[in-house]
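K.L.:
I would like the atomic coordinates for the input below:
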Amino acid sequence: MTGRADERAVSVQVGAVLLLAILVSALGLYQLNVVPNQNYVVEADHNERVQGELQDVRNAIVNTAGDRADRSASVRLGTQYDARAVAINPPNPTGTIRTVEPATPITVENAEIDDDRIADLLDDDVETRFIEYRPRYNEYRNAPRTQFEHTLLYNEFGEGNVTIADQRLLREGALDLVVVDGDLSRTGGGTVSVDVRTLGGPGETTIRPDGGTPELTIPTDAPARWEAAIGTEFDEGESDARVASVDDGSVTIELDEAFDLRVAKVEVGSGGESDDRYDGEPEDVEVGEPRAEGAFSGTFQGGNPEEATVRGDGLYRFVEIDDDGHYRIGGVPAGSYGDVVAETDDGLVYTSDDFTVEEDETTEGVDFELEQPAEPFFEVEIVGTNSPVDAGETLEVTADIENLGEASGTQDITLDIEPDTGQGSEPDNPVDVETLSLDDGENAEITLEWETDEDAGGPGGSTAPYTATVSSDDASGDTTVEVE
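P.N.:
Next up, the predicted model:
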């Protein structure tokens, strides 16, 4: 009987081992097959959503070029996998959106342009930018690269391209040239805001043949898309235009007759340069009023911003200011102007007395006096961090807060932390808050803290980058920090 009992015990042990082996095998198969398939679905869904968000960016550029109203669009660069209890996910997907400078410029040949200022602009090579989004997925390995160029938005799949939003460069006798300037480069897994601002235009005129067939050469990474959209013969695609030739990185488009031409320049990101030649010559005004050929110049007092938006009755222009505060605006309709203000990037408003611009003359000495906000205005400048820190240690972000308003006030100053690449941890924001009271004109330096956890670093001991943002009720500043 003792022998039989021993045999039963061995059978139980063998059965347990077999059950454990089956469980381990099942988990292995789940990790090997099910997890990648589920993560592929997450990545494919994100790619579909981000293409819709990139259409919003494209539309913001097109619409800003048309009506001078600044816009922004949000793009979520990456995504997150569903949490798992028994299986392991790879690092969350990330993506990069950036402006790209093409190898060749925009050129115009054999064309007469009625507007002298726009003609002067297009006599030179015109530099522009593409906008590119590249995802970094773990499972959706053949995901497309998405690119915007000259109003065309398309996906690039290795050898082939698929249009997402059709070109609006050429349409029914109209040539709409939108030039992109500025620098944008963001990588991560979170949501970023793509800001679009007018730098010049829109100016309207006519382009017509001059000693030959007008030729417009544009840089492109997808010549086949332009051949399909415009056609290679004058009776294909867009009437009275055709793609005449394709070179390395560009296509040349011929125009068979006169076209209505509109030009505009926009900034994507930051660092773009304004160019008032895109505005064209001032338009004719109503009978009995002077032709719009005036200009005015002046000086900012009480502070010299680098640039501002000057607007008032019938006036809307971006201006650049030199170190002495001087500026000049040309092509202004002759007449009297009131309620003129100049808005700067820091939110402050400059005001001016009424003034008159004479025809064919420059009105001097239109001084914009700095008018500080009547309410408190807490400006934020990040002045230092103790980055990088080890996971589990305290990250410190130091900021200088200055009350630019004319009244004392109290505000909460917050610190938010967002992972840049989908690696590391996602803390509950804000991670720190300090209540600060300042008199008008007073400033204070404060240090906010984030108690990082053990999972805040990257996988395998690598470094995880984060964006640290310090905010008041009125302004904010951000910087990149790292946890190792």
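K.L.:
in the protein, which spans are helices?
P.N.:
For the chain, applying DSSP state H gives helices covering 2-29, 35-67, 116-123, 223-230.
K.L.:
Out of those helices, which gets nearest to Arg141?
P.N.:
Smallest distance to Arg141 across the helices of the chain (Cβ to Cβ): 9.2 Å, for helix 35-67. The way it works is simple: take the backbone N, C-alpha and C, and place the C-beta from them, glycine included.
K.L.:
So for that closest one, mean pLDDT?
P.N.:
Across helix 35-67, pLDDT averages out at 91.
K.L.:
Out of the helices of the chain, which gets nearest to Ala399?
P.N.:
Of the helices of the chain, nearest to Ala399 by Cβ to Cβ is helix 35-67, at 30.3 Å.
K.L.:
for the closest one, packing partners?
P.N.:
strand 71-76, strand 130-136, strand 145-149, strand 152-157, strand 160-165, strand 174-181, strand 191-209, strand 259-268 (3 or more Cβ pairs under 8 Å, 6 or more residues apart in numbering; DSSP states H and E).
K.L.:
Show me the beta-bridge partners of Phe259.
P.N.:
Judged by DSSP bridges, the bridge partners of Phe259 are Ile207.
K.L.:
So it sits against Leu177, correct?
P.N.:
No - using Cβ atoms under 8 Å, Phe259 is not in contact with Leu177; the gap is 10.4 Å.
K.L.:
More neighbours: those two, which one.
P.N.:
Leu177 (27 against 23; other Cβ atoms under 10 Å).
K.L.:
residues touching that one, list them.
P.N.:
Contact partners of Leu177, counting by Cβ atoms under 8 Å, 6 or more residues apart in numbering, are Ile106, His150, Leu169, Leu261, Arg262, Val263, Ala264.
K.L.:
Same list (the residues you listed) but as JSON lines, adding distance to Val35 and pLDDT.
P.N.:
Output for the contacts of Leu177, formatted as JSON lines (distance: Cβ to Cβ, whole Å; pLDDT from 0 to 100):
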{"residue": "Ile106", "distance to Val35": "48", "pLDDT": "97"}
{"residue": "His150", "distance to Val35": "41", "pLDDT": "95"}
{"residue": "Leu169", "distance to Val35": "45", "pLDDT": "93"}
{"residue": "Leu261", "distance to Val35": "55", "pLDDT": "93"}
{"residue": "Arg262", "distance to Val35": "52", "pLDDT": "92"}
{"residue": "Val263", "distance to Val35": "52", "pLDDT": "95"}
{"residue": "Ala264", "distance to Val35": "48", "pLDDT": "94"}
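K.L.:
which one of the residues you listed has the most neighbours?
P.N.:
In the contacts of Leu177, the most neighbours by other Cβ under 10 Å go to Val263, 29 neighbours.
K.L.:
who touches that residue in this structure?
P.N.:
Neighbour list for Val263: Ile118, Leu121, Leu122, Leu177, Val179, Gly201, Pro202, Gly203, Tyr278, Gly280 [criterion: Cβ under 8 Å, 6+ apart].
K.L.:
Just name the closest of those residues to Val383, please.
P.N.:
Val179 (36.5 Å).
K.L.:
so that closest one bridges to which residues?
P.N.:
Lys265.
K.L.:
Roughly how far does it sit from Ile207?
P.N.:
Counting by Cβ to Cβ, to the nearest Å, the gap from Val179 to Ile207 is 15 Å.
K.L.:
Then Val42?
P.N.:
Distance, Val42 to Ile207, using Cβ to Cβ: 48 Å.
K.L.:
Tell me which of the two has more neighbours.
P.N.:
Here Val42 and Ile207 are compared on neighbour count by other Cβ under 10 Å; more neighbours surround Ile207, at 25 against 20.
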